[in-house]
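Novice: Predicted structure and sequence below. I'll ask about it afterward.
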Amino acid sequence: MISFSVAFDPNKGIGIKGALPWHLKDELKIFKANTLYKNILMGQTTYDGLPRKLVDRYITVVSIDPEYKPEDAEVTHDLIAFLKEHENDETEYIVCGGASIYRQAYPYAKKAYISFVKEAYEVDTHFDAYDEDDWIVTKEVDYPDFVYRELKRKGTEMTRKDGNIYVPFEERTGNESIVYFTRDISPEGIRKAYEKVNEHITGKVAIKLHTGEKNGPNFIPAKWVKQLMETSESLKDATIIETNTYYEGDRYTTEQHRETLEVNGWNFCKVDITDEEGTVDLPVKGGNWFDHMTVGSHLPNYDSMLTLTHFKGHAMGGFGGSNKNIGIGCADGRIGKGMIHARKGEGQWSVTEEELMEKITESTKATIDHFGKNVTYVNVMRNMSVSCDCEGVAAAPVVTPNVGVLASTDICAIDTACVDLVNAMTEEQHHDLWERMQSRHGFRQLTYMKEMGMGNSRYILIDLDNDEARLTPKEAVKDVKPFKRVEF
Ligand SMILES: NC(=O)c1ccc[n+]([C@@H]2O[C@H](COP(=O)([O-])OP(=O)(O)OC[C@H]3O[C@@H](n4cnc5c(N)ncnc54)[C@H](OP(=O)(O)O)[C@@H]3O)[C@@H](O)[C@H]2O)c1
């Protein structure tokens, strides 16, 4: 991928007499942070005019001079060939000027790091090619002398692979699914939302939920699920399903797991540890990583499945929504979860970021393809620690406000809507959870679900508290309150 890093003034001025027109300490720090240990590209004039060496960067200098041999950099004599060769690489090549290099590289760049200097300076070089209509701002920080923005090129949307980049609604394409929303975070609220999406929950019903590590403070309370099952006709005889864990905690073996279920109050109905007697392979249709996923052998015993998800952060997935609840939660504890988390011959948790999101998603696809139309989703945005329920009492304290309950028959739409609702909160409200999602490249879960044809990234949000009116994510989170723990 080609990107560029630049600072320009209100007239798009970038340089004077071979040097920068300004000295902005914070700007230099940002440049350093963005380029350290990365591949960077710059013209000969810019390179020769550097006030000091740029260490710990892989520099390529563009020059027409066949004799030119800088001591700490590679040279290319053909800029366009270089850009064409690398524009589709996973690896980023950051174009760092000057004017002639920016001009030629601009059409190839998919990402930009720009400091918009506030004051106009005396300049003799400009970055004329830049057009703000080509870009979408993904990050903005105001400094006294400039505004720093990260941008991505318009049209590089839901299919892109960067899981740290959030794709705003306006940029998404395709159909819209319905996502129901209520602010009523209670067994009754969950029932109300569920009943909107339960048409195909028939026959022998499984409820896939996270039953939590011992005494975990954040998972959906067992009492609530009991009440939900008692008040929803289709769930009266349902079975909660789980799998053993991949890590050696209190749910590693079936015996340990049963004890933990008891401690956490899951003793009012049958809980089926689907992998206690073995595994079965389900095909991953169209998978890029897997052709099958290994799940608990009991999973195919069910006709339909309610995915009842506690939406929250996750140390590796960034966030845990319906996709993670199924992708990890239905994969069996020894083989399936290992396929997702570990590369052959490498560590137990060697798969991270985009690769992890894609593998979780392919695992989910195996299960939801198996159930076809007989699977539905309810996400409860409550007690949203940045940690998952598998961290039990060690989970980070919750600081994000509770939001509500969402329901949909479209897994991509419901998880995307939850992320949009988190995004729609104020910086102070969403800071920690957003940072967790972005830093783990969790947004790739959403774009990959769309790519794999698992659902829509666009949706209509329906307000169950107000006569089923349409509402926006901003409106949905308008009245959220600072988090306060309520015990049950
Ligand atoms: N504000 C910022 O963020 C920022 C960042 C970087 C630089 N700058 C400023 O920009 C100014 C320098 O810009 P500039 O345009 O004069 O110089 P430049 O872009 O840094 O370098 C031009 C050099 O690249 C060579 N070149 C250009 N296109 C090429 C191609 N297609 N194939 C091979 N070689 C090629 C040129 O060869 P020819 O001799 O054939 O032209 C020339 O030697 C300085 O003032 C610098 O401080 C500002």
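Specialist: Okay, I see it. Residues are numbered from 1 along each chain as shown.
Novice: which ones are touching the closest residue to residue 402 other than its chain neighbours?
Specialist: Among residues not flanking residue 402 along the chain, residue 382 sits closest, at 4.7 Å (C-beta to C-beta, 6 or more residues apart in numbering). The C-beta positions use only the backbone N, C-alpha and C, and glycine is treated the same way. Residue 382 makes contact with 185, 220, 310, 402-403, 405, according to C-beta atoms under 8 Å, 6 or more residues apart in numbering.
Novice: what does residue 366 give?
Specialist: Neighbours of residue 366 in contact, by C-beta under 8 Å, 6+ apart: 282-284, 290, 292-293, 295.
Novice: Show me the helices in the stretch 301-450 of the chain, by range?
Specialist: With DSSP state H, counting those that start in this stretch as the criterion, the stretch 301-450 of the chain has helices at 322-327, 336-341, 353-371, 411-424, 427-439, 444-451.
Novice: Include mean pLDDT and distance to residue 255 when you put those helices into TSV, please.
Specialist: Output for the helices of the stretch 301-450 of the chain, formatted as TSV (pLDDT from 0 to 100; distance: least, C-beta to C-beta, whole Å):
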stretch	mean pLDDT	distance to residue 255
helix 322-327	98	24
helix 336-341	97	18
helix 353-371	97	25
helix 411-424	97	32
helix 427-439	93	33
helix 444-451	96	32
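Novice: Buried among the contacts of residue 366? Make that a ChimeraX selection.
Specialist: Selection of buried members from the contacts of residue 366 for ChimeraX, criterion 16 or more other C-beta atoms under 10 Å:
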select :282,284,290,292,293,295
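Novice: Take the contacts of residue 366 and keep only those in strands.
Specialist: 282-283, 292-293, 295 (DSSP state E).
Novice: now those residues in a markdown table, with distance to the ligand and pLDDT?
Specialist: Below are those laid out as a markdown table (distance: C-beta to the nearest ligand atom, whole Å; pLDDT from 0 to 100):
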| residue | distance to the ligand | pLDDT |
| --- | --- | --- |
| 282 | 52 | 98 |
| 283 | 49 | 97 |
| 292 | 49 | 97 |
| 293 | 47 | 98 |
| 295 | 52 | 98 |
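Novice: Find the closest residue to the ligand in the stretch 151-300 of the chain.
Specialist: Nearest residue of the stretch 151-300 of the chain to the ligand, counting by C-beta to the nearest ligand atom: residue 151, 14.6 Å away.
Novice: before we move on, back to that, adding distance to residue 169, write the contacts of residue 366 out as a markdown table.
Specialist: Below are those laid out as a markdown table (distance: C-beta to C-beta, whole Å):
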| residue | distance to residue 169 |
| --- | --- |
| 282 | 32 |
| 283 | 33 |
| 284 | 29 |
| 290 | 30 |
| 292 | 34 |
| 293 | 31 |
| 295 | 33 |
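Novice: Which residue ranges make up each domain of the protein?
Specialist: Following automatic domain parsing, one gets these domains for the chain: 2-156, 173-476.
Novice: of all those, which gets the most neighbours per residue?
Specialist: Of all the domains of the chain, domain 173-476 carries the top mean neighbour count, a mean of 20, counting by mean count of other C-beta atoms under 10 Å.
Novice: Who are the contact partners of the residue of the stretch 351-488 of the chain found nearest the ligand?
Specialist: Using C-beta to the nearest ligand atom, the closest approach of the stretch 351-488 of the chain to the ligand is made by residue 438 at 25.2 Å. Shown in contact with residue 438 (C-beta under 8 Å, 6+ apart): 164, 166, 318.
Novice: State the distance from it to residue 139.
Specialist: Per C-beta to C-beta, to the nearest Å, residue 438 is found 9 Å from residue 139.
Novice: Quick one: residues contacting residue 62.
Specialist: Neighbouring residues of residue 62 by C-beta under 8 Å, 6+ apart: 41-44, 75-77, 79, 82, 101.
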